[in-house]
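J.: take a look and give me a structure for this.
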Amino acid sequence: MSQVIWITGLSGAGKTTLATELVNSLRSQDQHVIQLDGDELREVFDPFKDNPQSHNRKGRLALAMQYAQLCRVLANQNLTVVIATISLFKEIHSWNRTNLPNYFEIFLDVPLDELRRRDPKIIYHRFDRGEIKNVAGLDVEIDEPLSPDWLEVFDKHKPISKLVNELLNELGKK
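T.: Numbers count the residues shown, from 1 in each chain. Presented below is the predicted three-dimensional model:
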């Protein structure tokens, strides 16, 4: 059975980490799973990613729609697609619910102070120093999902293994 599992949250929220662990668990159950990552997809769909217009709301929305379309194409080939992407736009959330098979939306809600502490790509620090603009959640308006299928509010004491087990249990209920 095909499915699209859309993991969203701001930069540094742990989307890729969760996606990787989830995909590994699903593959260990012999499921046909493909993992997509917003950073890697940006390189494919936006080869001139240094263009500031591609990072503003309009550019990000256009890329998110391409990601969603790709997920539909892959899911229509009877694959489970796990995608980790910021893509925090109500238009995308709505389109996904209407057009993606067995859509399951995950929102990783991590406080900005924790994201700034993690800052794996040094995005927040570079923004604070005025080196970059168009950062989702700072100067680019985002839309948190209104009703994600699974909301994970940051808990520094919860290990990724527990998170994945909880998520697998939730996915098993659908």
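J.: got the CA coordinates for the host helix or strand of Leu167 in CSV?
T.: Assigned by DSSP states H and E, Leu167 belongs to helix 160-173. Output in CSV follows, covering the C-alpha atoms of helix 160-173 (Å, rounded to 0.1, in the frame of the first residue of the first chain):
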residue,chain,number,x,y,z
ILE,A,160,14.9,9.3,18.8
SER,A,161,14.4,5.6,19.3
LYS,A,162,11.3,6.3,21.5
LEU,A,163,10.0,8.8,19.1
VAL,A,164,10.3,6.4,16.2
ASN,A,165,8.6,3.6,18.2
GLU,A,166,5.7,6.0,19.0
LEU,A,167,5.4,7.0,15.4
LEU,A,168,5.5,3.4,14.1
ASN,A,169,2.6,2.6,16.5
GLU,A,170,0.6,5.6,15.3
LEU,A,171,1.2,4.7,11.7
GLY,A,172,0.1,1.1,12.4
LYS,A,173,-3.3,2.5,13.6
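J.: give me the helices and strands touching that helix, please.
T.: Packed against helix 160-173 by the contact rule (3 or more Cβ pairs under 8 Å, 6 or more residues apart in numbering; DSSP states H and E) you find helix 15-28, strand 150-153. Quick note: C-beta positions are derived from backbone N, CA and C, even for glycine.
J.: out of the ones you listed, flag the one nearest Asp128.
T.: Closest to Asp128 of these, according to Cβ to Cβ: helix 15-28, at 21.9 Å.
J.: I'd like the mean pLDDT over that closest one, please.
T.: Helix 15-28 shows an average pLDDT of 97 in the prediction.
J.: where does Asp46 land on pLDDT?
T.: For Asp46, the predicted pLDDT is 72.
J.: can I assume it is in contact with Arg60?
T.: No - the criterion here is Cβ atoms under 8 Å, and Asp46 misses it with Arg60 at 9.8 Å.
J.: more crowded one of these two?
T.: Counted by other Cβ atoms under 10 Å, Asp46 and Arg60 do not tie: Arg60 has more neighbours, with 24 against 18.
J.: in what helix or strand does that one lie?
T.: Going by DSSP H and E, Arg60 is part of helix 57-75.
J.: what comes up buried for that helix?
T.: Within helix 57-75, the residues scored as buried using 16 or more other Cβ atoms under 10 Å are Gly59, Arg60, Leu63, Ala64, Met65, Tyr67, Ala68, Leu70, Cys71, Arg72, Leu74, Ala75.
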